[in-house]
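Student: Test case, fold it:
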Amino acid sequence: MNVPPVQRFCAPLATVATPCAVVGVAVLFFLNPIWVGFDQGRSNVADLTGYTPAQVSQVTGGILSDLVFGPPKFDVTVNGTSVLDERERSHMADVRTVLLDLGLVALLAAVALVAIGLASRGARWFWRAVRAGGVILAGGVVVVGLAFAVLFDQAFELFHEIFFQPGTYLFDPRSERLVQLFPDQFWSETSVGLAGAVLVLAVIVAAGAGRLAGPTAEAVVAGRSETGASR
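Tutor: I've put the predicted structure just below:
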(Lines give C-alpha, C1' and ligand atoms only; values in the text may rest on other atoms or scores of the structure.)
Protein backbone atom coordinates (compact mmCIF):
# COMPACT_ATOMS: atom_id res chain seq x y z
CA MET A 1 0.00 0.00 0.00
CA ASN A 2 1.38 3.37 -1.08
CA VAL A 3 1.44 5.83 1.82
CA PRO A 4 1.67 9.51 0.81
CA PRO A 5 4.87 11.24 2.02
CA VAL A 6 2.87 13.80 4.02
CA GLN A 7 1.04 11.06 5.90
CA ARG A 8 4.28 9.14 6.44
CA PHE A 9 5.78 12.19 8.18
CA CYS A 10 2.74 13.68 9.89
CA ALA A 11 1.20 10.54 11.38
CA PRO A 12 4.20 9.77 13.66
CA LEU A 13 4.44 13.47 14.52
CA ALA A 14 0.79 13.49 15.61
CA THR A 15 1.37 10.35 17.68
CA VAL A 16 4.29 11.99 19.51
CA ALA A 17 2.58 15.37 19.86
CA THR A 18 -0.56 13.94 21.46
CA PRO A 19 1.04 12.89 24.80
CA CYS A 20 2.93 16.20 25.02
CA ALA A 21 -0.25 18.24 24.58
CA VAL A 22 -2.28 16.07 26.97
CA VAL A 23 0.33 16.31 29.74
CA GLY A 24 0.50 20.08 29.24
CA VAL A 25 -3.26 20.39 29.74
CA ALA A 26 -3.18 18.13 32.81
CA VAL A 27 -0.46 20.21 34.49
CA LEU A 28 -2.72 23.27 34.33
CA PHE A 29 -5.20 21.52 36.64
CA PHE A 30 -2.60 21.57 39.41
CA LEU A 31 -0.57 24.72 38.71
CA ASN A 32 -3.08 27.03 40.37
CA PRO A 33 -3.81 28.45 43.86
CA ILE A 34 -6.96 26.35 44.30
CA TRP A 35 -5.22 22.98 44.14
CA VAL A 36 -2.04 24.18 45.85
CA GLY A 37 -3.97 25.73 48.74
CA PHE A 38 -6.13 22.63 49.12
CA ASP A 39 -3.20 20.24 49.33
CA GLN A 40 -1.15 22.57 51.52
CA GLY A 41 -4.03 22.39 53.97
CA ARG A 42 -3.95 18.59 53.84
CA SER A 43 -0.17 18.70 54.39
CA ASN A 44 -0.45 20.95 57.48
CA VAL A 45 1.79 23.60 55.94
CA ALA A 46 0.66 26.23 58.44
CA ASP A 47 2.01 24.08 61.29
CA LEU A 48 5.25 23.34 59.45
CA THR A 49 5.98 26.99 58.66
CA GLY A 50 4.52 28.63 61.76
CA TYR A 51 2.58 30.99 59.51
CA THR A 52 -1.14 31.64 59.73
CA PRO A 53 -3.29 30.15 56.94
CA ALA A 54 -3.69 33.67 55.52
CA GLN A 55 0.07 34.13 55.45
CA VAL A 56 0.57 30.73 53.80
CA SER A 57 -1.94 31.73 51.12
CA GLN A 58 -0.25 35.11 50.59
CA VAL A 59 3.24 33.61 50.36
CA THR A 60 2.16 30.79 48.05
CA GLY A 61 0.26 33.19 45.81
CA GLY A 62 3.37 35.34 45.43
CA ILE A 63 5.56 32.35 44.60
CA LEU A 64 3.06 30.99 42.04
CA SER A 65 2.72 34.43 40.45
CA ASP A 66 6.48 34.75 40.02
CA LEU A 67 6.65 31.16 38.75
CA VAL A 68 3.98 31.52 36.08
CA PHE A 69 3.97 35.21 35.16
CA GLY A 70 7.34 36.49 36.41
CA PRO A 71 9.56 38.26 36.94
CA PRO A 72 11.24 35.36 38.77
CA LYS A 73 12.29 37.28 41.88
CA PHE A 74 10.59 35.02 44.45
CA ASP A 75 11.22 37.73 47.05
CA VAL A 76 7.92 37.41 48.93
CA THR A 77 8.11 38.53 52.57
CA VAL A 78 6.21 38.01 55.82
CA ASN A 79 6.36 40.86 58.32
CA GLY A 80 9.25 42.36 56.37
CA THR A 81 11.34 39.17 56.42
CA SER A 82 12.18 37.26 53.23
CA VAL A 83 10.52 33.85 53.13
CA LEU A 84 13.02 32.21 50.77
CA ASP A 85 16.79 32.45 51.07
CA GLU A 86 19.11 32.98 48.11
CA ARG A 87 19.50 29.26 47.33
CA GLU A 88 15.76 28.70 47.42
CA ARG A 89 15.13 31.67 45.13
CA SER A 90 17.77 30.41 42.72
CA HIS A 91 16.16 26.96 42.64
CA MET A 92 12.73 28.45 41.97
CA ALA A 93 14.21 30.42 39.07
CA ASP A 94 15.53 27.10 37.71
CA VAL A 95 12.09 25.55 38.20
CA ARG A 96 10.54 28.38 36.20
CA THR A 97 13.00 27.80 33.34
CA VAL A 98 12.16 24.09 33.23
CA LEU A 99 8.43 24.83 33.45
CA LEU A 100 8.58 27.34 30.58
CA ASP A 101 10.57 24.90 28.44
CA LEU A 102 8.07 22.11 29.05
CA GLY A 103 5.19 24.51 28.47
CA LEU A 104 6.71 25.53 25.13
CA VAL A 105 6.96 21.87 24.10
CA ALA A 106 3.30 21.32 25.03
CA LEU A 107 2.23 24.44 23.12
CA LEU A 108 4.18 23.47 19.99
CA ALA A 109 2.69 19.98 20.23
CA ALA A 110 -0.84 21.40 20.41
CA VAL A 111 -0.17 23.70 17.44
CA ALA A 112 1.26 20.77 15.47
CA LEU A 113 -1.83 18.67 16.19
CA VAL A 114 -4.18 21.44 15.06
CA ALA A 115 -2.13 22.07 11.91
CA ILE A 116 -1.94 18.37 11.01
CA GLY A 117 -5.63 17.91 11.73
CA LEU A 118 -6.55 20.82 9.46
CA ALA A 119 -4.13 19.79 6.72
CA SER A 120 -5.44 16.21 6.76
CA ARG A 121 -9.04 17.46 6.85
CA GLY A 122 -9.73 15.04 9.68
CA ALA A 123 -8.59 12.01 7.73
CA ARG A 124 -8.82 8.65 9.46
CA TRP A 125 -5.04 8.24 9.54
CA PHE A 126 -4.78 11.44 11.60
CA TRP A 127 -7.25 10.25 14.22
CA ARG A 128 -5.60 6.83 14.31
CA ALA A 129 -2.28 8.55 15.03
CA VAL A 130 -3.88 10.57 17.82
CA ARG A 131 -5.46 7.43 19.24
CA ALA A 132 -2.09 5.70 19.21
CA GLY A 133 -0.58 8.63 21.11
CA GLY A 134 -3.35 8.45 23.71
CA VAL A 135 -2.92 4.69 24.15
CA ILE A 136 0.87 5.01 24.49
CA LEU A 137 0.46 7.80 27.06
CA ALA A 138 -2.06 5.80 29.09
CA GLY A 139 0.29 2.83 29.20
CA GLY A 140 3.21 5.06 30.13
CA VAL A 141 1.25 6.66 32.97
CA VAL A 142 0.44 3.25 34.43
CA VAL A 143 4.11 2.20 34.36
CA VAL A 144 5.46 5.51 35.70
CA GLY A 145 2.63 5.73 38.24
CA LEU A 146 3.50 2.32 39.63
CA ALA A 147 7.15 3.34 39.87
CA PHE A 148 6.24 6.50 41.80
CA ALA A 149 3.85 4.58 44.05
CA VAL A 150 6.45 1.97 44.98
CA LEU A 151 9.63 4.06 44.79
CA PHE A 152 8.45 7.66 45.21
CA ASP A 153 11.61 9.02 46.84
CA GLN A 154 13.89 7.46 44.23
CA ALA A 155 11.66 8.57 41.33
CA PHE A 156 11.40 12.10 42.72
CA GLU A 157 15.18 12.24 43.11
CA LEU A 158 15.69 10.98 39.55
CA PHE A 159 13.35 13.67 38.22
CA HIS A 160 15.43 16.37 39.93
CA GLU A 161 18.70 14.86 38.74
CA ILE A 162 17.46 15.03 35.15
CA PHE A 163 16.33 18.66 35.22
CA PHE A 164 18.50 20.38 37.85
CA GLN A 165 22.16 20.71 38.76
CA PRO A 166 23.34 18.43 41.60
CA GLY A 167 22.93 19.93 45.06
CA THR A 168 20.76 22.85 43.95
CA TYR A 169 17.48 21.19 44.99
CA LEU A 170 18.37 19.89 48.47
CA PHE A 171 17.00 21.88 51.41
CA ASP A 172 16.71 21.48 55.18
CA PRO A 173 13.04 21.01 56.19
CA ARG A 174 13.88 22.22 59.70
CA SER A 175 14.91 25.72 58.63
CA GLU A 176 14.19 26.38 54.94
CA ARG A 177 10.71 27.47 53.98
CA LEU A 178 10.54 26.07 50.47
CA VAL A 179 10.29 22.45 51.64
CA GLN A 180 7.98 23.51 54.47
CA LEU A 181 5.61 25.21 52.04
CA PHE A 182 5.78 22.25 49.64
CA PRO A 183 6.54 19.15 51.78
CA ASP A 184 6.83 15.53 50.67
CA GLN A 185 3.13 14.86 51.28
CA PHE A 186 2.22 17.74 48.98
CA TRP A 187 4.37 16.38 46.16
CA SER A 188 3.26 12.80 46.71
CA GLU A 189 -0.44 13.68 46.51
CA THR A 190 0.10 16.08 43.62
CA SER A 191 1.97 13.38 41.69
CA VAL A 192 -0.90 10.95 42.22
CA GLY A 193 -3.44 13.57 41.17
CA LEU A 194 -1.45 14.52 38.09
CA ALA A 195 -1.02 10.88 37.06
CA GLY A 196 -4.76 10.32 37.47
CA ALA A 197 -5.64 13.40 35.41
CA VAL A 198 -3.23 12.44 32.63
CA LEU A 199 -4.61 8.90 32.56
CA VAL A 200 -8.23 10.08 32.35
CA LEU A 201 -7.42 12.60 29.61
CA ALA A 202 -5.38 10.02 27.68
CA VAL A 203 -8.27 7.52 27.78
CA ILE A 204 -10.75 10.21 26.68
CA VAL A 205 -8.51 11.29 23.81
CA ALA A 206 -7.85 7.70 22.71
CA ALA A 207 -11.55 6.80 22.86
CA GLY A 208 -12.67 9.97 21.07
CA ALA A 209 -10.03 9.67 18.37
CA GLY A 210 -10.89 6.00 17.97
CA ARG A 211 -14.49 6.87 17.21
CA LEU A 212 -13.45 9.47 14.64
CA ALA A 213 -10.90 7.11 13.09
CA GLY A 214 -13.52 4.47 12.39
CA PRO A 215 -12.85 0.72 12.35
CA THR A 216 -9.39 -0.57 11.55
CA ALA A 217 -8.73 -2.49 8.35
CA GLU A 218 -8.48 -5.70 10.36
CA ALA A 219 -11.90 -5.09 11.92
CA VAL A 220 -13.44 -4.44 8.50
CA VAL A 221 -11.96 -7.66 7.09
CA ALA A 222 -13.14 -9.60 10.15
CA GLY A 223 -16.64 -8.16 9.80
CA ARG A 224 -16.81 -9.13 6.14
CA SER A 225 -15.60 -12.64 6.97
CA GLU A 226 -18.29 -13.07 9.60
CA THR A 227 -20.94 -11.78 7.20
CA GLY A 228 -19.78 -14.22 4.50
CA ALA A 229 -19.71 -17.10 6.95
CA SER A 230 -23.26 -16.37 8.15
CA ARG A 231 -24.55 -16.65 4.65
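Student: now this structure, which segments are flagged as low pLDDT?
Tutor: Applying pLDDT under 70 to the chain picks out residues 1-3, 216-231.
Student: in it, which spans are helices?
Tutor: Residue ranges of the helices in the chain, as given by DSSP state H, are 5-28, 33-42, 45-49, 53-68, 86-120, 124-150, 152-163, 177-181, 184-213, 217-230.
Student: residues making contact with the fourth one?
Tutor: With contacts defined as C-beta atoms under 8 Å, 6 or more residues apart in numbering, helix 53-68 is touched by 31-33, 36-37, 40-41, 45-46, 49, 51, 72-74, 76, 78, 83-84, 92, 95-96, 99, 177, 181. Where C-beta positions appear, they are placed from N, C-alpha and C, glycine not excepted.
Student: let's go with 10 Å and repeat that
Tutor: Applying C-beta atoms under 10 Å, 6 or more residues apart in numbering, the external contacts of helix 53-68 come out as 31-33, 36-37, 40-41, 45-46, 48-52, 71-79, 83-84, 88-89, 92-93, 95-96, 99-100, 103, 177-178, 180-182.
Student: Columns mean neighbour count and distance to Leu170 on top of the helices of the chain, output as a markdown table?
Tutor: As requested, the helices of the chain are exported to a markdown table (neighbours: other C-beta atoms under 10 Å; distance: least, C-beta to C-beta, whole Å):
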| stretch | mean neighbour count | distance to Leu170 |
| --- | --- | --- |
| helix 5-28 | 18 | 24 |
| helix 33-42 | 15 | 21 |
| helix 45-49 | 18 | 17 |
| helix 53-68 | 17 | 19 |
| helix 86-120 | 16 | 9 |
| helix 124-150 | 18 | 20 |
| helix 152-163 | 13 | 9 |
| helix 177-181 | 22 | 9 |
| helix 184-213 | 17 | 13 |
| helix 217-230 | 9 | 52 |
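Student: JSON lines for those, including distance to Phe171?
Tutor: Converted to JSON lines, the helices of the chain look like this (distance: least, C-beta to C-beta, whole Å):
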{"stretch": "helix 5-28", "distance to Phe171": "23"}
{"stretch": "helix 33-42", "distance to Phe171": "17"}
{"stretch": "helix 45-49", "distance to Phe171": "13"}
{"stretch": "helix 53-68", "distance to Phe171": "14"}
{"stretch": "helix 86-120", "distance to Phe171": "7"}
{"stretch": "helix 124-150", "distance to Phe171": "21"}
{"stretch": "helix 152-163", "distance to Phe171": "11"}
{"stretch": "helix 177-181", "distance to Phe171": "5"}
{"stretch": "helix 184-213", "distance to Phe171": "12"}
{"stretch": "helix 217-230", "distance to Phe171": "54"}
